[in-house]
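Engineer: Sequence and predicted structure, then a few things I'm wondering about:
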Amino acid sequence: MASNFAYESKKLGVMYFAVAVALLGAQILFGLVAGIQFVYPSFLFEVLDFNVARMVHINALVVWLLYAMIGSVYYLLPDETGIDTVGIGLGKLGFYILTAAVTVVVLVYILIQTGPANHTTLWLIQEGREYIEAPRWADIGIVVVVLVFLSNVYLTAMKGERTGILTVLMADLLALAGLYLAGMFYTENISIDQYWWWWVIHLWVEATWEVFVAAIIGWALIKTIGANRQIVEMWLWIEVAMLFGSGILGIGHHYFWIGTPEYWWEIGALFSALEPVPLVAMFVHVMYDWGKEAGIKKGAGEKPMMNNTPAFMWFVGSAFGNFIGAGVWGFFHTLPQMNIYTHGSQFTAAHGHLAFFGAFAMAMIAMFYMAVQGSSGKKDLKMTFNTKMGFILLCLGVVGMAVALTIAGYGQVMVERAQMGATWEGYFVSQYSHWFKQAMGWRLAMGVVTLVGFLYIVYDLLTINKAKINTEQGE
Amino acid sequence: MFEPFTDIVPSFFGMINQGPMTLTLFLHSVIIAPMFWIYAQEKKRLQEEK
Amino acid sequence: MSKKVSVWSDNRFWQRSAAWVTGFAAMLLIWLTFDTMGQIAMGTDEDLTQGVTKRVPGPTVINYKITYEMSDKRGHEVPVIGEKENFFGRDDYSDEEARALLNLGKLGVQAKNCMNCHTLLGNGAYYAPDLTKAWLDPMWDGYIARLGKDSKEEAIAEFLQNPSENPSHERMMPNLGITETEAKGIVAFLKHMSSIDTNGFPRNFGKIQGAIHGK
């Protein structure tokens, strides 16, 4: 793709985005393998077992989102600071090192898979802790590259202009990076293990990652519809207060059942019950600013500013997806009275799929479209048939999977947990029950829909600049 | 007046966990209260500024 | 003389509020963490011999019988540590021996990636049963006979070494290359995990015989 970028930082952002898209593809592929195994359990048995397929699926998820987030920051940094990023050469080196490390880690996951019960396995192969299975050597590499990234951001912000959005990002990224360290240790005590594990995962997805998305959407509103910076940044501070105010102590909703004290029932329940509130604020903010800016322009007899319809569609979608997937589906099972039955069931998976997609994936796909526009230098980017197909199919696919998993979850909870007390036998009776099996079939079908949607999006990202609608009228 | 502590190891948070909502009301109040003070400070500053 | 100003639309007010809320919530979390760490640190052998209940008992809990019973005081089931019972033929594991076994088991559980099919304390993947109370699962009674073993722990260890040759259902556990020593460690880990006080999760474990079966 021909690059129109004046800034090296934007080029680096696009490099990160390219790898992110590839990893998203890997996530969907390995997700399909795992989804097939739920329906046909002998599929790739003892060749690529469920635990390996799932590990690649969730690691690809986390890494593609991190790549997209880092790429987004490199991409918007020149816009916010007015200068090219300081130390960008080192930043590019970091990108290559990180990508090489990720490749090695995934190959080891797939080809070597496991090892003996000792620390060498944990250092070289995988650590066996959900989402952060990456072997310790890779953890250290990640820390180093992220430190380079952070210094790029900080040095640039100190040298150039420092906006409110940038201030939020600087603090947030520091916390986000620092939290990764909480997962980098071994303990023989499973309760302590899981206590700190949640500092990485919860304080990522339900705190620092959400604040990140809020900052990105703030930047995007200014860029795509010309929203007023002071108002956007005011909303952002309010959102940050609510996100951290509910999310930091909301971590307690993971401390109901892991051996930790009973006071976490109340702290976790009643702080995390408020976590949907800032998500409501975020979609109200987006819709409100959209209407307001359009109204102001129309009142002055001008056309409303809207210079990237694909990106804006994905951003608006993400504001709703965040609320529905993370907020609503999360609220369903956040109270301990519900959670004691749903903890560790397909209900959890339903929430996970819809939340990651709605809260983060949608906003990052929007950023891909921002970068595509930037790379062509076009003033306006309009959506094509492929844009719409990609959006509809990907959303339908993921929502469909989440609904299927919710139904499976209800069935599992009723039979395995409520009726049969969570035994081995109870587990399988629910897994073979009529509703559960059907739901898993639907989930697989919707997973295929998701894949088709993804393929449309990739094709669109590669071709939208040259599409007829974006090249007519002398662009 | 205080309900007996039933969890295994006594602690401050366990003690204020008296029944539905006590911990919540206490912690939320402690978080919101200083915002009144911040509000008053900012109001004073804005009025002196203009 | 006061004039009309709106603090509500002033960025600095919201910036300060956000900073305060974040900072204070973080302080509270850190305080709570110290409190919780004290409560979930592993107990000692002395706690077990003196009958002092800890949320996470020490490794020598493997020398004792463990059950899961309703506590009227707590309002839910709790693990109950009973009399001494043999574990692989012994009930006198020292603290070092028990700790070594538990440690091997924990390393094994991580190295073999159990959490990406199973859940431990309800966390993990949902392709296989939750292992929190696996040590107490009624399924092992059948396996003792099926595998020709004399004790539950020997049956579990044998199963772990050859899971795909002894499946319970069409969806099978794969062979992960677990050795005999590693298996013993993992069984110790599972027995220990079943003694952790999880505030009543999973509810009604094994009590209900499933009077109404889902279709």
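Structural biologist: Great, that's in hand.
Engineer: The helix or strand hosting residue A:122 - contacts with which helices or strands?
Structural biologist: Remark: residue A:122 resides in helix A:119-124, with elements defined by DSSP states H and E. If you count contacts as 3 or more CB pairs under 8 Å, 6 or more residues apart in numbering or on different chains; DSSP states H and E, helix A:119-124 packs onto helix A:136-159, helix C:95-111. All C-beta spots, glycine's among them, are computed from the backbone N, C-alpha and C.
Engineer: If we go by neighbour counts, what in it is buried?
Structural biologist: Of all the residues in helix A:119-124, those buried under the rule 16 or more other CB atoms under 10 Å in any protein chain shown are A:121-123.
Engineer: got the residues of chain B near chain C?
Structural biologist: Residues of chain B lying close to chain C (CB under 8 Å from any CB of the partner chain) are B:6-9, B:11-13, B:27, B:30-31, B:34-35, B:38-39, B:42-43, B:45-47, B:50.
Engineer: And the pLDDT for residue A:157?
Structural biologist: Looking at residue A:157, its pLDDT reads 96.
Engineer: right, and it touches residue A:166 too?
Structural biologist: Yes: the pair residue A:157 / residue A:166 is scored as a contact, 5.3 Å apart, by CB atoms under 8 Å.
Engineer: Can you work out which residues contact both of these two?
Structural biologist: By CB atoms under 8 Å, 6 or more residues apart in numbering or on different chains, residue A:157 and residue A:166 have these common neighbours: residue A:81.
Engineer: In JSON lines, list the buried residues of helix A:119-124 along with pLDDT.
Structural biologist: Converted to JSON lines, the buried residues of helix A:119-124 look like this (pLDDT from 0 to 100):
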{"residue": "A:121", "pLDDT": "97"}
{"residue": "A:122", "pLDDT": "97"}
{"residue": "A:123", "pLDDT": "97"}
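Engineer: returning to that earlier point: so which of the residues of chain B next to chain C belong to helices?
Structural biologist: B:12-13, B:27, B:30-31, B:34-35, B:38-39, B:42-43, B:45-47 (DSSP state H).
Engineer: Buried members of those residues into PyMOL, please.
Structural biologist: Buried members of those, defined by 16+ other CB under 10 Å, are picked up in PyMOL with:
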select buried, chain B and resi 13+27+31+38+39+42+43+46
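Engineer: which residues does residue A:242 contact?
Structural biologist: Contacts of residue A:242 (CB under 8 Å, 6+ apart): A:274, A:277-278, A:281.
Engineer: Same check on residue A:65?
Structural biologist: Contacts of residue A:65 (CB under 8 Å, 6+ apart): A:20, A:209, A:356, A:360-361, A:364.
Engineer: ok, back up a step: between the buried residues of helix A:119-124, which is nearest chain B?
Structural biologist: Using CB to the nearest CB, residue A:122 is the member of those that lies nearest chain B, at 30.9 Å.
Engineer: Neighbours of residue A:155, how many?
Structural biologist: Neighbour count for residue A:155, taken as other CB atoms under 10 Å in any protein chain shown: 13.
Engineer: So it sits against residue A:90, correct?
Structural biologist: No: using CB under 8 Å, residue A:155 makes no contact with residue A:90, being 10.3 Å away.
Engineer: Show me the shaky parts of chain B.
Structural biologist: Chain B contains residues with pLDDT under 70 at B:1-8.
Engineer: how about the residues of it near chain A?
Structural biologist: Going by CB under 8 Å from any CB, the residues of chain B near chain A are B:6-9, B:11, B:13-14, B:17, B:20-24, B:27-28, B:31.
Engineer: Tell me the helix or strand right after the lengthiest helix in chain C.
Structural biologist: For chain C, the helix that runs over the most residues, judged by DSSP H, is helix C:11-40. The first helix or strand that comes after helix C:11-40 along the chain, using DSSP H and E, is helix C:45-50.
Engineer: any residues touching that next one, and which ones?
Structural biologist: By CB under 8 Å, 6+ apart, helix C:45-50 touches C:52-54, C:57-58, C:60-61, C:63-64, C:81, C:95.
Engineer: And that helix, what's buried?
Structural biologist: Result for helix C:45-50 [16+ other CB under 10 Å]: buried residues C:45, C:47-48.
Engineer: Run a quick neighbour tally on the residue of chain B found nearest chain A.
Structural biologist: Nearest residue of chain B to chain A: residue B:24, at 3.9 Å (CB to the nearest CB). Look at residue B:24: counted by other CB under 10 Å, it has 18 neighbours.
Engineer: for the chain, which residue is closest to the average position?
Structural biologist: Assuming you mean chain A. Residue closest to the average C-alpha location in chain A (CA atoms, centre = their mean): residue A:360, at 3.5 Å.
Engineer: my bad, chain C
Structural biologist: residue C:193 (3.7 Å).
Engineer: what sits against it?
Structural biologist: Contacts of residue C:193 (CB under 8 Å, 6+ apart): A:190, C:120-121, C:131-132, C:134-135.
Engineer: Could you list the low-pLDDT ranges of chain C?
Structural biologist: In chain C (pLDDT under 70), the answer is C:1-3, C:208-215.
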